[in-house]
Structures are given as C-alpha cells and as structure tokens.
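J.: Sequence and predicted model, in that order:
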Amino acid sequence: MDVKNSNEIITEFISRCNFVQIYSDYSFGLFGAGDEFLGIGAEKSLDILYSSAIAANRVIGFFDNLPSFIPEYATKGGCILITKTLPTVVATPVLFCKSLDVFPNLLATALRVSNEISLPVIVAVSDNIFNNFVKSSNNSYDHNRIAGYIYKQSFSNKLTVEQFAEKMLAGEQLLNELMPNSDNYNEISFTKPQKPFINYILPLYGDKKITLMDVEVDIKEYDSIYKTLSTRYNIKISEKADTDSNIEVTLKEYLCPGCPFLVYFARHYDKATLYFTDINCEGMLKKYNINHVPFEYFVGINSSQLNVNTVFIGKASSFNSSYFPMLRSGSVVLLNDADYKSVNGFKKIKNIQKPFSGNTFVLLPYSCNNIKSYKAASLKYSKCDKCSDLDYPLCITETNCVALSYRYEKILVNKELCTGCKACVTVCRKAAIR
C-alpha cells in the first residue's frame, strides 16, 4: 500500500480514467487539472463541461462553489463535478465525502453512477479530506476511452419528468447497494468532523420547488443542502408558488422581413447538420428547429471530433474570442450587428445573396437588428405555376416571409415590406421570382 494525499488521489483518478475535458478553479490548481478554462469563470465552464459530456466526452470539474444547474439532456461520457461547498439546489445525484480514506472508492462510484444513469454526478467534499494522508491501494478505475459522438436527437429530446424519475430510481438502487445511508442519525453535519453525514442524496424525482421553512443547523450550513434534506428528515417545508404557470406564450407566425436566419438557411440548410444559436427568436427557433444554447455549450460539444456537422449562429458583438482556440470542429456564423469591418479569423461576406460554401468562420453583412435592404423582389407570373403539385406555394411555406402573400390565386409581393434578401428566389423551382 502507498501513502497518498488528496492531491495524489485525484491526480491518479484523472490519469487513469481518460477524461477529455478538465476544469479547475484556482484553489484546485494543485490537483494537476488543466488550465485551459482559466479566466472564463465557473458558470460558463460548467456549461462547457456539461455540453461536452452530452457529446459523449468524459469530463471532470473542480469548483470552490458549484453554480446551480438543472440537467435537461442525458450525458453519454461520464460527468463528475467536485465541489468544496454544499450545493444549494439538488437537481442531480450528490455524493458526500468527509473522510479521505473513502475518497478513492467514492470517485469510482461517482463515475459508475454517472455512466449508468447518463447524468452528471456531484461530489461534495469537506475540508476534512485536505492536508491529510491515507494508506491507499491501487484502485480499480474505469479507464475505458470513449470517443465523442453526437446526433441531432441528442438535443431534440429533453428529459421528461418520467425519464428523469426513472434515472433517479436507477441511481438510488445502485447507490443504496454501493454506499447505503443510515437511518439512525439524530443530528448530521457536513462541516463538523465529529458528527456524521449522509452518503448521498438524489432529487425528489422532478420536484424542484422545495424550500426550507424552519430548521436548526450550523450557520455555515444554513440554506444549502438542507432545502432537500428537509424532505427526507420530516422537517417542515412549503412549496413555492409556481408563478410561471399562467404565463401565455404566443409564437410568431411569420419571420421578420430580411431575417438573416431565413437568408442563411435558404442557401445553406442541411438536414444532417446540427444548428445552434444564442439568439432567442421563438418564430425562428420553431421554424428551423435550432437548439437555443449559450456559445459555451457549442464549445464543449466541439471539444473533440464528432460524427455530425455543427454550426453556431450568433451575434458578432457578443462573440467571445477567448473561446476561439478551443474550437476543434464545427463552423461559426456571426451576424454583424455592430457593423464591424472585420473580426479576427472570420471571412467577411460582402453580399449575402451569393453562396459562400467552404468557409468555417464567416461574418455576415447584417443581423436581426441591422438588416440591410436591397432591390425588392418581383414575380414573373408567366413562369409561376403556384406549385400546383403542392398544397401551397414553396416561396411562402419555406420562407414564412411577411412580405409574401397568396391571395386571389396569385402570389403577391409587398414592395414596402420586402428587403430584397432573395430567399424566396432561392427556393423557387421555376425561377419565377427575381
């Protein structure tokens, strides 16, 4: 047996388990974790780790204070999040460690649970495990190397309450077998070494609105994990009012005239490509089935070579150039909302009406709030067959452009609304619009 400290245990765990993405807060720098995320911040780094795990990469992160998050998609590569503080929200399994001698086995258990239920697993460690040494034998870790992969379905199906409940039930059965909780605790504490604590806890199968009303705990631990623990230890709780239940959302029926997404997809849409954007337009998201995620998700997904093409479309003014070196695959399209003359590493497209294939990083001439106008489109009725073999003309169904209408058995172009983007010209099969 070897004598090891917490630093050596974690370093061995990282090296044996073939993690693809590693993040470390400054205080965890001694653990040999990668420094490529430094300066980005914990919240955005968590987005990168989680999205990378969705793409079947094995990831691990070390946080002083883990930001709250609720997993919406299943992971495929194993995702371990280690934190020095108790999480304030429990939305995924949490394992607790107060003793260094159980730490190696607990890390292996966390990775196994994450692999089997396809969700991130949090490991909360107390100060008791630091600056200590323990006799440790060579542990059996899962050292399989996983190749990153992602399909369009990975982001098309969010976890339902029923699916989430099934994962939690499977996780609880596995954890109860590997490290069962005791039912004999009269008092528990995470910060005081002389008092016991539970081994693990899981969310209450989809109930995310539990709040603490009245419980006596150490002031340092107040308002943290006890929001969820209270439900397991018969402490008075109340349910938060669901203020969002009566909000009605109306989706736009049409896209804006000259919509840059419409112009781009009319010329470059590929059903086999996975598209992402951080621009929140409900009409556009609904029409093109684009995944609305922060750019950090896209960076994490493309941290390794994937078996599907990916494209991110975002605003030039909000593009974070510090992530640029981390992009190993995928294309980025920036909408020029600030009229930039250039963006480093991007090819500026002067005329959006012309195809621009073969470029990985491009800067389009305008954006949603900076739409440029060209000569309005015109229709040659002698060529137009009104797509008689279809239920409705393609130029209207494919563009949803408010400048086009179908009345009196004719396609009409509103010259005042038309910006001349020529998206309708692209989809017309008879070259009747010009």
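T.: Alright, I've got the coordinates.

J.: Verify the assumption that Ser382 is located in a helix.
T.: No - secondary structure assignment places Ser382 outside any helix; it is coil (DSSP: H, G, I helix; E, B strand; the rest coil).

J.: Can you give me the domain boundaries for this protein?
T.: Domain ranges of the chain: 2-239, 260-364, 373-434, per automatic domain parsing.

J.: how about the ones you listed in CSV, adding mean pLDDT?
T.: Below are the domains of the chain laid out as CSV (pLDDT from 0 to 100):
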stretch, mean pLDDT
domain 2-239, 74
domain 260-364, 84
domain 373-434, 85
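
J.: wait, isn't Thr426 in contact with Arg267?
T.: Yes - using Cβ atoms under 8 Å, Thr426 is in contact with Arg267, at 5.6 Å. Bear in mind the C-beta positions are built from the backbone N, C-alpha and C, glycine included.

J.: ok so, going back, so can I have a markdown table of the domains of the chain showing mean neighbour count?
T.: Converted to a markdown table, the domains of the chain look like this (neighbours: other Cβ atoms under 10 Å):
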| stretch | mean neighbour count |
| --- | --- |
| domain 2-239 | 18 |
| domain 260-364 | 17 |
| domain 373-434 | 16 |
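
J.: show me the contacts for Leu390.
T.: Residues near Leu390 by Cβ atoms under 8 Å, 6 or more residues apart in numbering: Thr397.

J.: Does it belong to a helix, a strand or coil?
T.: Assignment for Leu390 (three-state DSSP): coil.

J.: Backbone dihedrals for the closest residue to Ser27 other than its chain neighbours, please?
T.: Leaving aside its chain neighbours, Ser27 sits nearest to Asp64 (5.5 Å; criterion: Cβ to Cβ, 6 or more residues apart in numbering). For Asp64, the backbone dihedrals are phi -60, psi -50 (criterion: degrees, to the nearest 10).

J.: Thr83 is in contact with Asp64, correct?
T.: Yes - using Cβ under 8 Å, Asp64 is in contact with Thr83, at 7.4 Å.

J.: List the contacts of Val293.
T.: For Val293, the contacting residues are 51, 155, 276-278, by Cβ under 8 Å, 6+ apart.

J.: again, only this time at 7 Å
T.: 276, 278 (Cβ atoms under 7 Å, 6 or more residues apart in numbering).

J.: again with Ser405
T.: Taking Cβ under 7 Å, 6+ apart as the criterion, Ser405 is in contact with Leu412.

J.: for it, helix, strand, or coil?
T.: Under three-state DSSP, Ser405 falls in the strand class.

J.: Which element, helix or strand, includes Val299?
T.: Per DSSP states H and E: Val299 is located in helix 295-301.

J.: quick one: contacts of that helix?
T.: With contact meaning Cβ under 7 Å, 6+ apart, helix 295-301 is reached by 21, 44, 47-52, 54-55, 150, 276, 278, 310, 312, 314, 320, 323, 326-327, 330.

J.: Tabulate the CA atom coordinates of that helix in PDB.
T.: Extracted as PDB, the C-alpha positions of helix 295-301 are listed here (Å, rounded to 0.1, in the frame of the first residue of the first chain):
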ATOM      1  CA  PHE A 295     -21.900  29.600 -27.000                       C
ATOM      2  CA  GLU A 296     -20.200  27.800 -24.200                       C
ATOM      3  CA  TYR A 297     -22.300  24.700 -24.900                       C
ATOM      4  CA  PHE A 298     -21.200  24.800 -28.500                       C
ATOM      5  CA  VAL A 299     -17.500  25.000 -27.400                       C
ATOM      6  CA  GLY A 300     -18.000  22.000 -25.200                       C
ATOM      7  CA  ILE A 301     -19.800  19.900 -27.800                       C
END
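
J.: Give the partner strands of the next helix-or-strand element following it in its sheet and their orientations.
T.: Downstream of helix 295-301, the first helix or strand assigned by DSSP H and E is strand 310-315. In the sheet, strand 310-315 lines up against strand 274-277 (parallel), strand 331-335 (parallel) (DSSP bridges).

J.: Let me have those strands in CSV, extended by distance to Pro104.
T.: As requested, the strands paired with strand 310-315 are arranged in CSV below (distance: least, Cβ to Cβ, whole Å):
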stretch, distance to Pro104
strand 274-277, 38
strand 331-335, 41
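
J.: And the closest residue to Ile40 other than its chain neighbours, its phi and psi?
T.: Counting by Cβ to Cβ, 6+ apart, the nearest residue to Ile40 once its immediate chain neighbours are dropped is Ser322, at 7.0 Å. For Ser322, the backbone dihedrals are phi -70, psi -20 (criterion: degrees, to the nearest 10).

J.: Please apply the same query to the one 5 residues further on.
T.: Reported as degrees, to the nearest 10, the phi and psi values for Leu327 are phi -80, psi 110.

J.: From Thr277, how far out is it?
T.: 16 Å (Cβ to Cβ, to the nearest Å).

J.: Check Ile9 too.
T.: 41 Å.

J.: ditto for Asp270
T.: Counting by Cβ to Cβ, the separation of Asp270 from Thr277 is 15 Å.

J.: cool, and Pro325?
T.: Separation of Pro325 from Thr277 (Cβ to Cβ) stands at 22 Å.

J.: just the strands in the stretch 51-200 of the chain please.
T.: Applying DSSP state E, counting those that start in this stretch to the stretch 51-200 of the chain gives strands spanning 59-63, 79-83, 94-97, 121-125, 133-136, 200-201.

J.: distance between the first one and the chain's centre?
T.: Think strand 59-63. 15 Å (Cα atoms, centre = their mean, to the nearest Å).

J.: Run through who's touching it.
T.: By Cβ under 7 Å, 6+ apart, strand 59-63 touches 14, 19-25, 28, 31, 33, 42, 45-46, 49, 52-53, 77, 79-83.

J.: Repeat that for the second one.
T.: With contacts defined as Cβ under 7 Å, 6+ apart, strand 79-83 is touched by 49-50, 53, 59-63, 65-66, 110-111, 114, 120-125.

J.: List the strands paired with it, with their directions.
T.: The pairing partners recorded for strand 79-83 under DSSP bridges are strand 59-63 (parallel), strand 121-125 (parallel).
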